[in-house]
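Asks: return atomic coordinates for the entry below.
(one chain, ligands or ions: 1)
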Amino acid sequence: MSEQIGVGILGATGTVGQRFIQLLETHPLFYVKAIGASSRSAGKEYHEAVNWKMTTLIPDSVAKMIVHPCEPEYFEGCKVIFSGLDSSVAGETELAFLEAEFAVFSNAKNHRMNPLVPLIVPIVNPEHFDLIKQQRVEFKKSKGFLVTNANCSTTGLVSALKPLQDAFGPLSKVVVTTMQAISGAGYPGVPSLDILGNVVPYISGEEEKMEEEAAKILGTFSTNHIVDAPLAVSASCNRVAVIDGHTESVFVEFARKPAPSLEEITKVFENYVSEAQKLNCYSAPNKCVVVCKQPDRPQPRLDALLEDGHGVLVGGIRKCNIFDFKFTLLVHNTILGAAGSAIMNAEIAVKKGLV
Ligand SMILES: NC(=O)C1=CN([C@@H]2O[C@H](COP(=O)(O)OP(=O)(O)OC[C@H]3O[C@@H](n4cnc5c(N)ncnc54)[C@H](OP(=O)(O)O)[C@@H]3O)[C@@H](O)[C@H]2O)C=CC1
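Replies: Predicted coordinates for the structure are as follows:
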């Protein structure tokens with residue numbers, strides 16, 4: 001096995017940061033070398049600073065690490081930086097790490113729509129890593145770069161749409177309604193009095209993010225920029241009393257007529273193989289899209305951890321009276337929807353010789 005690569009985690013005490021630490025505990029390629037969070041946590045040992053909510057114990061290798069301020073000087077020797085920072089600070093902090101020539105993989109929304117920043121869902125569009133060459137030219141960097149992964153709901157959506165686009169050509173319209181887990185709001189997130197026995201039909205900025213990110217991710221890399229896919233998305237987003245796993249009802253219209261049959265669509269979902277799998281990435285799922293045959297699946301409590309949370313589950317593939325067809329999908333919001341994607345993106349970057 002090749003030598004392990006030391007990584008730093010910014011926002012290590014948060015919901016996404018904890019997931020990074022959990023997923024990296026047994027990772028063969030990466031090990032946690034340094035961690036950072038806010039001034040509330042800096043200077044403390046990790047186990048004192050964090051309100052640990054994962055279902056596994058804090059790894060011994062991290063528990064006694066000192067939490068640092070999120071400044072590049074504390075992360076010397078880390079070849080990769082994973083950011084699970086709150087968006088109020090992610091923008092500037094991630095740029096400071098890029099400036100210091102780190103390879104930065106961000107979960108935050110701040111830089112996703114920058115035309116020079118690849119927005120990559122690892123099981124969908126790793127070819128967008130080609131944009132880094134142009135990014136390095138424009139940002140005058142030789143080793144460093146900045147890659148973002150997508151909003152968690154967008155991640156689930158594009159993971160299901162990509163196989164369809166590859167097989168049947170452009171999608172013209174997509175309508176999606178989400179039922180999003182509480183963990184998507186970080187910790188402590190939504191107050192229990194607001195969410196228990198309730199549905200909150202508003203998540204600030206979420207619909208706009210889904211509508212614009214999907215076209216960029218499903219777009220194509222051309223010479224030195226990304227050309228958006230010609231796709232109109234209308235999203236409505238809801239917070240529901242689920243802990244982990246975002247469920248989405250999706251309605252799709254193809255540009256091509258006649259539209260493919262439900263059997264053809266199902267086969268394309270089942271047979272989809274991503275570049276992350278072809279590259280043999282450690283975190284790549286066996287199946288990127290798992291088709292649930294039972295009519296009442298996928299369900300977050302039962303299915304969110306299938307494929308270790310690194311794939312997307314689809315079910316209820318059926319005719320739609322208005323669009324061509326409709327289905328339900330489920331994505332694990334803090335694994336494929338956040339830390340898992342960032343880690344898989346970094347694995348791909350290593351395979352591509354970028355790190
Ligand atoms: N939860 C999810 O499902 C998803 C989240 N994301 C994105 O990932 C990022 C993290 O989300 P999440 O983990 O849920 O959020 P949390 O609120 O749980 O965690 C935020 C982290 O940021 C740190 N932080 C806050 N303020 C500062 C500061 N001024 N300087 C340095 N560090 C700071 C916190 O440290 P401290 O503990 O010291 O306050 C904590 O480690 C966000 O940008 C979010 O939008 C993306 C996709 C999915």
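
Asks: what is the neighbour count of the residue of the stretch 1-150 of the chain found nearest the ligand?
Replies: Closest to the ligand within the stretch 1-150 of the chain is G14: 2.0 Å, counting by Cβ to the nearest ligand atom. All C-beta atoms are positioned from the backbone trio N, CA, C, and that covers glycine. Look at G14: counted by other Cβ atoms under 10 Å, it has 24 neighbours.

Asks: wait, isn't it in contact with A37?
Replies: Yes - using Cβ atoms under 8 Å, G14 makes contact with A37 at a distance of 7.5 Å.

Asks: rewinding a little: residues in contact with the residue of the stretch 1-150 of the chain closest to the ligand?
Replies: By Cβ atoms under 8 Å, 6 or more residues apart in numbering, the contact set of G14 is A37, G84, L85, D86, G186, Y187.

Asks: list the contacts of the fourth one.
Replies: Right, D86. Here D86 is in contact with G11, G14, A108, G186 (Cβ under 8 Å, 6+ apart).

Asks: between these, which has the most around it?
Replies: The most neighbours of any of those, using other Cβ under 10 Å, belong to G11, which has 28 neighbours.

Asks: distance of it from I335?
Replies: 16 Å (Cβ to Cβ, to the nearest Å).

Asks: kindly report the same for L24.
Replies: In terms of Cβ to Cβ, L24 sits 12 Å off from I335.

Asks: pLDDT value on the residue of the stretch 151-300 of the chain found nearest the ligand, please?
Replies: Nearest residue of the stretch 151-300 of the chain to the ligand: G186, at 3.0 Å (Cβ to the nearest ligand atom). G186 carries a pLDDT value of 91.

Asks: thought it was touching G17?
Replies: No - if you go by Cβ under 8 Å, G186 and G17 don't touch, sitting 9.9 Å apart.

Asks: would you map the strands across the stretch 151-300 of the chain?
Replies: Here the stretch 151-300 of the chain has its strands, by DSSP state E, counting those that start in this stretch, at 171-180, 199-200, 220-222, 225-227, 232-240, 246-254, 289-291.

Asks: now those in CSV, with mean pLDDT, distance to the ligand and mean neighbour count?
Replies: Below are the strands of the stretch 151-300 of the chain laid out as CSV (pLDDT from 0 to 100; distance: least, Cβ to the nearest ligand atom, whole Å; neighbours: other Cβ atoms under 10 Å):
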stretch, mean pLDDT, distance to the ligand, mean neighbour count
strand 171-180, 98, 8, 21
strand 199-200, 98, 16, 13
strand 220-222, 97, 23, 12
strand 225-227, 98, 20, 15
strand 232-240, 98, 12, 19
strand 246-254, 98, 8, 22
strand 289-291, 98, 20, 21
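
Asks: let me have these in CSV, adding distance to V7 as columns.
Replies: Below are the strands of the stretch 151-300 of the chain laid out as CSV (distance: least, Cβ to Cβ, whole Å):
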stretch, distance to V7
strand 171-180, 28
strand 199-200, 35
strand 220-222, 26
strand 225-227, 26
strand 232-240, 31
strand 246-254, 26
strand 289-291, 28
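
Asks: and the angle for the biggest helix by length in the chain with strand 246-254?
Replies: When the chain is parsed with DSSP state H, its longest helix is helix 152-168. Put simply, helix 152-168 runs at 30 degrees to strand 246-254, going by axes from the mean of the first three to the mean of the last three Cα atoms, to 10 degrees.
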